[in-house]
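Undergrad: Sequence first, predicted model second:
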2 protein chains.
Amino acid sequence: MAVLAVDPGARGVNEFELIKRYFARPAKRALLGVGDDCALLRPDAGLDLAVTTDMLIEGRHFLPDVEPHALGHKALAVNLSDLAAMGATPRWATLAIALPAAEPTWLAGFSAGFHALAERYGVELIGGDTTRAEARAISVTAIGEVPPGMALERSGARPGDDVWVSGELGGAALGLVHPEIAEAAKRLHVPEPRVELGERLRRLAHSAIDVSDGLAGDLGHIAERSEVQAIIEYDLVPRSKAFKSLKAPELEKDCVLSGGDDYELLFTAPRAHRAELEALGAELKLPLTRIGSIEAGAARVTVLAADRKPIAHRGGFDHFEKGQ
Amino acid sequence: MAVLAVDPGARGVNEFELIKRYFARPAKRALLGVGDDCALLRPDAGLDLAVTTDMLIEGRHFLPDVEPHALGHKALAVNLSDLAAMGATPRWATLAIALPAAEPTWLAGFSAGFHALAERYGVELIGGDTTRAEARAISVTAIGEVPPGMALERSGARPGDDVWVSGELGGAALGLVHPEIAEAAKRLHVPEPRVELGERLRRLAHSAIDVSDGLAGDLGHIAERSEVQAIIEYDLVPRSKAFKSLKAPELEKDCVLSGGDDYELLFTAPRAHRAELEALGAELKLPLTRIGSIEAGAARVTVLAADRKPIAHRGGFDHFEKGQ
């Protein structure tokens, strides 16, 4: 790989040194980090590896003027969230980034945001590629470790499971509509991957996914892969406090059920684990809320109002919506 | 990850199904492939992992009208070349791709090119991300396996080593200038990663790199990381036959010494392995040519003419050129 080097079309001592300065760190756990054709890893014997990739495109996933520290954080966070949803412990990441120019201020902010989150979870940036493009493009691949047979797959939900969600939903989507609401904007721009929760759920949950496309759509993925139906009660879904003062019930419903980018963990677990999960939430200082249950039946998601009548809502991907 | 799903901004049953159809394959060696938050791998016990990432941007690394089958091949090939330069056996890859639209013809060609190369080397596409962007962007991460201590690093060259290169150089750069020369255009658009050679060099070579930025620049990386000087004889460097009829010595020198994108392996090996390396080249039907030697001294690359006088040339990255 062009190991965090600029490509030949973007030569220049200053740019190369600049980028190297911002991203290269000495190898710690990796045998060989940034600076060769490949990074070299020695995974812990007997562990499986979880691998995930997400790409963020300027103008689609973020605006050109987004705060670079937040973007560096988010580019890694969305990948750590995928690892958490698998119950994997994050270990390594690669970063491919295309930029219109090597702007020192922007690079300093972006790399500081990326590294701050990486260090918090012991993630090592082992390599990558830097090139030029008119619009920024960022692709991160994250690798984590999980004990064999302990990964939380979308396909593990069973009838009788409770449906749980961590934290609060709807904040990120609200931040898109009301960027002036600081709490909501923070949820959108600086999502917190639920890494510790994912690790602890390994022996407690049957299935898990992170809420990246919206509660209904993501629960739909679990229902589809597990071949079960999921029923949730709208009033039980924990949501951003900002909705209280807004008094905009349709917007609230749309954000809470169908808004993406919250990166909370949505999981199913047997009833026998209720007390343990409540204790875990208290220990992690992260509310874990029971919002519904898994039933036998054709794959679908039903959202019930207080009067037990189904609520119409936007699903995630269209291909699934027809089943809801 | 958005497991080879389009992002929420690019919803639509047809597009999603289309992309899934072209890229998703059932998991083979992986425990879990496309379709969950992460892919799950169980690496062979006792092997190290080599990881590499390369990003290709439309308008920079390829033109909008490039043949999609060739681009699918090249996107994977440049990463397999990095694994080969490390002596690693390729195993898995993820693909993040941003496209202006889900064009069936383009996707069919791209995925066919990608999968044809992947299947040739037993590489499994385990996941990725698909999103929209005005200009295409492609980021591949490839993971390979290598026995502990056997990886070919850039830092392993020792005084007394021969410098070797596989195949021929300069063809890809010539293809940029003279796209009408079919042989050269093929080198540029459909490079062949030297996977078997990389594996076989594990116990024969001291250091290796793939020629992606040009012979002088890439040999400079070996010299720099190994803290040695490298001396090569220009006349010994194997080059594309197309140069013979062109009779353009300056262009030829520039392509052969400084042209990128050839993806041949450049390596150093002790003299004691000369006979074995010649036999290996014959076995693989891939010429391996001795082009110079490694000497003690400050890190630099010297290219000698037939009269033993140094030849001026463009190096790779500017940051290194001043040392040459």
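TA: Good, I have the coordinates. Keep in mind it's a predicted model, so treat the numbers as computed, not measured.

Undergrad: Chain B contacts on the stretch 101-250 of chain A?
TA: Residues of the stretch 101-250 of chain A lying close to chain B by Cβ under 8 Å from any Cβ of the partner chain are A:126-129, A:131-135, A:137, A:139, A:141, A:143-144, A:146, A:148, A:151, A:153-155, A:208-210, A:212-214, A:217, A:225. Placement of C-beta: from N, CA and C, glycine included.

Undergrad: go with 10 Å
TA: Selection of the stretch 101-250 of chain A residues close to chain B by Cβ under 10 Å from any Cβ of the partner chain yields A:126-144, A:146, A:148-149, A:151-155, A:198, A:207-210, A:212-214, A:217-218, A:221, A:224-225.

Undergrad: Just the buried residues of those residues.
TA: By neighbour count, with 16 or more other Cβ atoms under 10 Å in any protein chain shown, those hold A:126-133, A:135-144, A:146, A:151-155, A:198, A:207-210, A:212-214, A:217-218, A:221, A:224-225 as buried.

Undergrad: Now go through those and say which are in helices.
TA: Applying DSSP state H to these, the entries found in helices are A:198, A:217, A:218, A:221, A:224, A:225.

Undergrad: Might you report the residue contacts of the last one?
TA: It refers to residue A:225. Applying Cβ atoms under 10 Å, 6 or more residues apart in numbering or on different chains to residue A:225 gives the contacts A:153, A:154, A:155, A:156, A:157, A:207, A:209, A:299, B:35, B:36.

Undergrad: can you pull the buried residues of stretch A:241-252?
TA: The neighbour-count check on stretch A:241-252 (16+ other Cβ under 10 Å) flags A:242, A:243, A:246, A:251, A:252 as buried.

Undergrad: ok, so of those residues, who is nearest residue B:59?
TA: Nearest to residue B:59 out of the buried residues of stretch A:241-252 is residue A:251 (Cβ to Cβ; 39.3 Å).

Undergrad: Correct me if wrong: the closest one contacts residue A:181.
TA: No - with contact defined as Cβ atoms under 10 Å, residue A:251 does not reach residue A:181; the gap is 11.8 Å.

Undergrad: Just after whichever strand or helix holds residue A:80, pick out the following helix or strand.
TA: Using DSSP states H and E, the element containing residue A:80 is helix A:68-85. Per DSSP H and E, the first helix or strand lying C-terminal to helix A:68-85 is strand A:89-99.

Undergrad: can you pull out the strands in the stretch 151-300 of chain A?
TA: Secondary structure of the stretch 151-300 of chain A (DSSP state E, counting those that start in this stretch): strands at A:162-166, A:207-210, A:229-233, A:265-269, A:288-295, A:300-304.

Undergrad: TSV for those strands, including mean pLDDT?
TA: Listed next are the strands of the stretch 151-300 of chain A as TSV, based on pLDDT from 0 to 100:
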stretch	mean pLDDT
strand A:162-166	98
strand A:207-210	97
strand A:229-233	97
strand A:265-269	98
strand A:288-295	98
strand A:300-304	96
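
Undergrad: Which among those is found nearest to residue B:75?
TA: Closest to residue B:75 of the strands of the stretch 151-300 of chain A is strand A:207-210 (Cβ to Cβ; 27.2 Å).

Undergrad: Keeping just the C-alphas, turn the closest one into CSV.
TA: Output in CSV follows, covering the C-alpha atoms of strand A:207-210 (Å, rounded to 0.1, in the frame of the first residue of the first chain):
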residue,chain,number,x,y,z
SER,A,207,-28.3,-11.1,18.5
ALA,A,208,-27.2,-7.5,18.0
ILE,A,209,-26.9,-4.7,15.5
ASP,A,210,-26.0,-1.1,15.7
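
Undergrad: what's that strand packed up against?
TA: helix A:68-85, strand A:162-166, helix A:195-201, helix A:215-226, strand A:265-269 (3 or more Cβ pairs under 10 Å, 6 or more residues apart in numbering or on different chains; DSSP states H and E).

Undergrad: Switch the ones you listed over to CSV; also include distance to residue A:310.
TA: Listed next are the helices and strands packed on strand A:207-210 as CSV, based on distance: least, Cβ to Cβ, whole Å:
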stretch, distance to residue A:310
helix A:68-85, 27
strand A:162-166, 16
helix A:195-201, 29
helix A:215-226, 12
strand A:265-269, 19
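
Undergrad: Residue A:130 pairs with what?
TA: Judged by DSSP bridges, the bridge partners of residue A:130 are residue A:6, residue A:97.

Undergrad: actually residue A:267, not the one I wrote
TA: Residues in beta-bridge contact with residue A:267 (DSSP bridges): residue A:164, residue A:208.

Undergrad: Pretty sure it sits against residue A:226.
TA: No - using Cβ under 10 Å, residue A:267 is not in contact with residue A:226; the gap is 11.7 Å.

Undergrad: Residue of the stretch 101-250 of chain A nearest chain B, please.
TA: Closest contact between the stretch 101-250 of chain A and chain B, by Cβ to the nearest Cβ, is at residue A:139 (3.6 Å).

Undergrad: beta partners of that residue?
TA: On the basis of DSSP bridges, residue A:139 is bridged to residue A:55, residue A:96.

Undergrad: Distance check, it against residue A:229.
TA: Distance, residue A:139 to residue A:229, by Cβ to Cβ, to the nearest Å: 36 Å.

Undergrad: what's the burial count for residue A:35?
TA: By other Cβ atoms under 10 Å in any protein chain shown, 20 other residues sit near residue A:35.

Undergrad: so it makes contact with residue A:20?
TA: Yes - counting by Cβ under 10 Å, residue A:35 does reach residue A:20; the two are 8.7 Å apart.

Undergrad: Isn't residue A:184 up against residue A:172?
TA: Yes - contact criterion Cβ under 10 Å: residue A:184 and residue A:172 qualify, at 7.3 Å.

Undergrad: joint contacts of the two?
TA: With Cβ under 10 Å, 6+ apart, residue A:184 and residue A:172 have common neighbours A:240, A:255.

Undergrad: which residue sits closest to residue A:95, ignoring its sequence neighbours?
TA: Nearest residue to residue A:95 in three dimensions, chain neighbours excluded: residue A:128, at 3.9 Å (Cβ to Cβ, 6 or more residues apart in numbering or on different chains).

Undergrad: related to what we said a few turns ago, looking at the contacts of residue A:225, spot the one nearest residue A:85.
TA: residue A:209 (5.3 Å).

Undergrad: Distance from stretch A:119-131 to the middle of the chain?
TA: Per Cα atoms, centre = their mean, to the nearest Å, the displacement of stretch A:119-131 from the mean C-alpha position of its chain is 17 Å.

Undergrad: and that stretch, average pLDDT?
TA: For stretch A:119-131, the mean pLDDT works out to 91.

Undergrad: For chain A, give me the ranges with low pLDDT.
TA: Within chain A, the stretches with pLDDT under 70 are A:1-19, A:27, A:315-324.
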